[in-house]
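Engineer: Build me a model:
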Amino acid sequence: MACKLTSSMNYSREIWNLFFQKFAAPLDEALDAYSNMTLNISLPDPYVLDAIGEVKVNNFSNAQLADSVFITKWFQTRLRPFLSSVSVDFLSCLSSKNFSCQTYQVVVEAFSRQDQLMEEEQKWSIFTYFIYPFLSRDDLSDPGCVSSASGSGDWLAKNLGKFSIYATLEDLGILNENFSSFVSLDLLTPSQAAELTLSSGALNSTSQINLVFYRLEKGDAFKNVDEFFTALIDQEVGKIIPAVRDVMMNLTFKIISIKFPQFETSDWIDCLSVSGISSVFSKMTASRREEITKVLVKHLKNLAAQLNTPVCRKDIHSDADWLRINLGLFSTTADYSDLKDLNISGVVVLDSLSAQQKAELILDPSSGALENETLVKEVLTGILSSSGKEQLYVFFETFVNVTEEEQIYFIENAAVRDTILNVTLTALAPKFNVFPPSQFELWFQENLFVVLASFRPSWLLVIPRKPQL
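Structural biologist: You can find the predicted model right below:
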């Protein structure tokens, strides 16, 4: 059998049949010898195994098919060199044999040991044409070979071996109605884990989704998460409760952040999809927004050189476009200093800034705002027109913090000082009659302290003599 045939042509099944029939008597010994000579090879010609199947395997008695020692000798020794080139015909025929569950598992193990020599299609064929048909037979003494296993994980390992990855979660449930997916989670593929996530109610359970991600973190976590979400997207995903969504987002970023330094621009578009994350911005907690913003900003800085190339700026015509594409709504939770580091002009993107960022802009010496009363008025009136007085409080909280940090005790430009005081007091005046003393203290002793030099006696007319208690 070890002789070299002339040319590299494949011989037909009929020729191999005639060959093995002629030498049927010494074939067992010849196969033993050939197996010992060939440790890890892949034969492209499936007809060799097909012919051996017809001459030998098809003539195994029921007693031999149920004999573990006999089947082990044949499939893990004599047929081993040929298993990597197994054909669909051989597999289909094999699935109808009267193996016991124990001898069937010997055959699965034999195929599993050769999986690295097989093409992907062959591996899929072993599950499709041998494993699934055999386990789903209703004439087995132990249907699905369930009772011979000590649990779901043991059942999966013994009966599907390396080929369990080609089964869907539905397949596993059909073959073993007692199959417990969470018990066997470590043995499931990411795609199967995605099916489990949708069918088990894990989208409503933080404990279950944590178990799913614990599985995804094993092995190549980045690849696992990619496969998991690809499979998830292909299905109809129902409502995800906020707590589970937060867990999924947090654990996903934990896994993929390890690869961030290696990301190309296209990877960021495919993986992070800022526009996609922005779509759920309003449903995130403040802490989650800040965490995501820090990650995005950090890696935008690392990718600055690439992002400024003509290719990456193809559809970007302004700083506002750049913010929208690269940070989305997360631009509002970025530190003002980070926007500056990214070469974003706060003045140009004024409408995209948050109240806190606008306060820092005004007090930033490089912006020139403290010498530009028109810009200051635009900032304050913009806050009042779009967000009302609530954001005015947010603006001044940051305004006070920055003036204290920078030790600014007085706004020197009189026009700017007048603008800040007049616009603010005009907005607050309608509420003065219901202000408690604490509010007057907040505004006149803290928020407006650095502009009080512009206070005029006329303002006293609108301030109640007796504030509300």
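
Engineer: Can you report how many residues neighbour Ser385?
Structural biologist: 8 (other Cβ atoms under 10 Å). C-beta coordinates here come from the backbone N, C-alpha and C atoms, glycine included.

Engineer: Would you mind pulling up the elements that the host helix or strand of it packs against?
Structural biologist: Per DSSP states H and E, Ser385 falls inside helix 373-387. When contacts are defined as 3 or more Cβ pairs under 8 Å, 6 or more residues apart in numbering; DSSP states H and E, helix 373-387 packs onto helix 355-363, helix 389-405, helix 414-428.

Engineer: Point out where the chain drops to low pLDDT.
Structural biologist: For the chain, applying pLDDT under 70 flags the ranges 1-28, 32, 38-46, 238, 259-280, 283, 303-315, 387-388, 465-469.

Engineer: Go ahead and flag the most central residue of it.
Structural biologist: Centroid-nearest residue in the chain, with Cα atoms, centre = their mean: Val225, separated by 4.0 Å.

Engineer: Please look at that one and Ala193 and confirm they touch.
Structural biologist: No: look at Val225 against Ala193 with Cβ atoms under 8 Å: they stay out of range, at 10.2 Å.

Engineer: Between those two, which contacts overlap?
Structural biologist: Leu216 (Cβ atoms under 8 Å, 6 or more residues apart in numbering).

Engineer: Most tightly packed of the helices and strands packed on helix 373-387?
Structural biologist: helix 355-363 (a mean of 23; mean count of other Cβ atoms under 10 Å).

Engineer: How about exporting it as PDB, limited to the C-alpha atoms?
Structural biologist: In PDB, the C-alpha atoms belonging to helix 355-363 read as follows (Å, rounded to 0.1, in the frame of the first residue of the first chain):
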ATOM      1  CA  ALA A 355     -22.900  74.000  28.800                       C
ATOM      2  CA  GLN A 356     -19.800  72.900  30.700                       C
ATOM      3  CA  GLN A 357     -17.600  73.000  27.600                       C
ATOM      4  CA  LYS A 358     -19.000  76.500  26.800                       C
ATOM      5  CA  ALA A 359     -18.000  77.700  30.300                       C
ATOM      6  CA  GLU A 360     -14.500  76.400  29.700                       C
ATOM      7  CA  LEU A 361     -14.400  78.000  26.300                       C
ATOM      8  CA  ILE A 362     -15.200  81.500  27.700                       C
ATOM      9  CA  LEU A 363     -12.500  81.200  30.300                       C
END
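
Engineer: Give me the neighbour count for the closest residue to Thr197 other than its chain neighbours.
Structural biologist: For Thr197, ignoring the flanking residues on the chain, the nearest one in space by Cβ to Cβ, 6 or more residues apart in numbering is Val212 at 5.6 Å. Here the count is done by other Cβ under 10 Å, and Val212 has 26 residues near it.

Engineer: what helix or strand is Val212 on?
Structural biologist: Using DSSP H and E, the element containing Val212 is helix 206-216.

Engineer: What is that helix packed up against?
Structural biologist: For helix 206-216, the packing partners by 3+ Cβ pairs under 8 Å, 6+ apart are helix 190-200, helix 221-233, helix 242-256.

Engineer: chain center to the helix or strand that contains Ala33, what's the gap?
Structural biologist: Using DSSP H and E, Ala33 falls within helix 27-37. Distance of helix 27-37 from its chain centroid, counting by Cα atoms, centre = their mean, to the nearest Å, is 49 Å.

Engineer: Need the CA coordinates for that helix. CSV is fine.
Structural biologist: Extracted C-alpha coordinates of helix 27-37, given in CSV (Å, rounded to 0.1, in the frame of the first residue of the first chain):
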residue,chain,number,x,y,z
LEU,A,27,-5.8,-6.3,4.1
ASP,A,28,-6.2,-6.1,7.9
GLU,A,29,-2.4,-6.7,8.4
ALA,A,30,-1.6,-4.3,5.5
LEU,A,31,-3.7,-1.5,7.0
ASP,A,32,-2.1,-2.0,10.4
ALA,A,33,1.4,-1.6,8.8
TYR,A,34,0.4,1.4,6.8
SER,A,35,-1.1,3.1,9.8
ASN,A,36,2.1,2.7,11.7
MET,A,37,4.1,4.2,8.8
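
Engineer: Identify the residues contacting the closest residue to Leu380 other than its chain neighbours.
Structural biologist: Using Cβ to Cβ, 6+ apart and skipping residues adjacent in sequence, the residue nearest Leu380 is Val423, 4.5 Å away. By Cβ under 8 Å, 6+ apart, Val423 lies in contact with 377, 380-381, 384.

Engineer: Endpoints of stretch 168-184, how far apart?
Structural biologist: In stretch 168-184, first residue to last residue: 14 Å (Cα to Cα, to the nearest Å).

Engineer: how would you label the residue nearest to Asn58 when sequence neighbours are not counted: helix, strand or coil?
Structural biologist: Distances taken as Cβ to Cβ, 6+ apart place Cys93 nearest to Asn58, at 7.2 Å, with adjacent residues excluded. With DSSP: H, G, I helix; E, B strand; the rest coil as the basis, Cys93 sits in helix.

Engineer: was I right about Cys93 contacting Gly53?
Structural biologist: Yes: between Cys93 and Gly53 there is a contact under Cβ under 8 Å: 6.3 Å.

Engineer: Same drill for these two, tell me which one is more crowded.
Structural biologist: For the pair Cys93 and Gly53, the greater number of neighbours falls to Gly53 (23 against 17), based on other Cβ under 10 Å.

Engineer: For that one, what is the enclosing helix or strand?
Structural biologist: Per DSSP H and E: helix 47-55 holds Gly53.

Engineer: could you give the angle of that helix to helix 27-37?
Structural biologist: With axes from the mean of the first three to the mean of the last three Cα atoms, to 10 degrees as the basis, helix 47-55 and helix 27-37 are set at 150 degrees to each other.

Engineer: Look up the closest residue to Thr403, ignoring the ones flanking it.
Structural biologist: In space, and not counting its chain neighbours, Thr403 is closest to Val450: 5.4 Å by Cβ to Cβ, 6+ apart.

Engineer: no no, Lys218
Structural biologist: Excluding its sequence neighbours, the residue lying closest to Lys218 (Cβ to Cβ, 6+ apart) is Asp186, at 6.9 Å.

Engineer: what's the distance between that neighbour and Phe435?
Structural biologist: Asp186 is 62 Å from Phe435, where distance means Cβ to Cβ, to the nearest Å.

Engineer: Which one of those two is surrounded by more residues?
Structural biologist: Taking neighbours as other Cβ under 10 Å, Asp186 and Phe435 compare with Phe435 leading, 17 against 11.
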